[in-house]
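J.: coordinates for the following, if possible.
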Amino acid sequence: MSNTELEGVQDPRSSELEIDVGERLRGIRETYGLSQRALAKQTGVANGLISMIELGRTSPSVSTLKKILDGFPMSLAEFFSTDPFPRTDRVVYRADELSEIGGEAISFRQVGSNLRDRALQVMHEHWQPGADTGVDLYRHDGEEGGVVIKGKLELNVNGQHHILGPGDAYYFNSRIPHRFRNVGDDVCEIVSACTPPSF
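T.: All right, here's what the predicted structure looks like:
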């Protein structure tokens, strides 16, 4: 697996939330009564890769982890959430209350920690230079959009490449294969929304 594929998801050894990705994945898999082989067959992710993730020998890309979690099904937000309780009807979330569901290369700071029964997901994103969602284009139900606040973002939608800078925006059907990458020399900052929540 290349370095590009490994970027974008929390390293279990460096997570601020102290979440061991491999251990949590194994626990969820066993809760659902699936062997590694059965999960691999169900999701199309190699059995050996699932084993390496669970053993903590590699960290999955955003798209790979999402593909694995679709086999349960479970969102990335639910996977990383430290709050298993139903959502509250809060209106305001302070900057230090946003939920981090990303990692070092890509920070996804989500408004609200539990989006169960919510129709919209809003995130404040920070992408380190060179960070991307993985070599494979991915897709999911819904629509998504965002505005680049600073930096330079490459958006690949169905094989068409677009370079976006500060003030530029995107909005597309998420069922179309897509990929994001920071192609600038500085951190790329984005405010995004997705409906329904897909992480």
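
J.: other SSEs contacting the longest helix anywhere in the chain?
T.: Among the segments of the chain that qualify as a helix by DSSP state H, the longest is helix 21-31. Where contact means 3 or more C-beta pairs under 8 Å, 6 or more residues apart in numbering; DSSP states H and E, helix 21-31 is packed against helix 47-54, helix 76-80. To be clear about C-beta, it is placed using only N, CA and C from the backbone, and glycine gets the same treatment.

J.: repeat that with 7 Å
T.: helix 47-54 (3 or more C-beta pairs under 7 Å, 6 or more residues apart in numbering; DSSP states H and E).

J.: which parts of the helix it packs on are buried?
T.: By 16 or more other C-beta atoms under 10 Å, the buried positions in helix 47-54 come out as 49-54.

J.: closest to residue 37 among the residues you listed?
T.: residue 50 (8.8 Å; C-beta to C-beta).

J.: list the contacts of residue 191.
T.: Shown in contact with residue 191 (C-beta atoms under 7 Å, 6 or more residues apart in numbering): 124, 146-147, 149.

J.: tell me the domain ranges of this protein?
T.: Domain segmentation of the chain under automatic domain parsing yields 3-80, 95-195.

J.: next one: the last one to chain centre, how far?
T.: Going back to what we said before, that points to domain 95-195. Put simply, domain 95-195 sits 9 Å off its chain's centre (C-alpha atoms, centre = their mean, to the nearest Å).

J.: over to stretch 71-85?
T.: Computed by C-alpha atoms, centre = their mean, the chain-centroid distance of stretch 71-85 equals 11 Å.

J.: what are the buried residues along it?
T.: Neighbour-count burial for stretch 71-85, with 16+ other C-beta under 10 Å as criterion, is recorded at 71-72, 75-81.

J.: before we move on, the earlier item: farthest-apart pair in the contacts of residue 191, please.
T.: Greatest spatial distance in the contacts of residue 191: 124 and 147, 11.0 Å, computed using C-beta to C-beta.

J.: in the protein, which spans are helices?
T.: For the chain, the helices defined by DSSP H cover 3-6, 21-31, 36-43, 47-54, 62-69, 76-80.

J.: mean neighbour count, those helices: which tops it?
T.: Comparing the helices of the chain by mean neighbour count (mean count of other C-beta atoms under 10 Å), helix 62-69 ranks first with a mean of 23.

J.: which neighbouring elements make contact with that one?
T.: If contacts are counted by 3+ C-beta pairs under 7 Å, 6+ apart, helix 62-69 sits against helix 76-80.

J.: tell me the mean pLDDT over the helix it packs on?
T.: Helix 76-80 shows a mean pLDDT of 81.

J.: can I get it as CSV, trimmed to CA atoms?
T.: Extracted in CSV, the C-alpha atoms of helix 76-80 (Å, rounded to 0.1, in the frame of the first residue of the first chain):
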residue,chain,number,x,y,z
LEU,A,76,-17.1,6.8,9.8
ALA,A,77,-18.6,9.2,12.4
GLU,A,78,-20.1,6.4,14.3
PHE,A,79,-16.9,4.4,14.1
PHE,A,80,-14.9,7.2,15.6
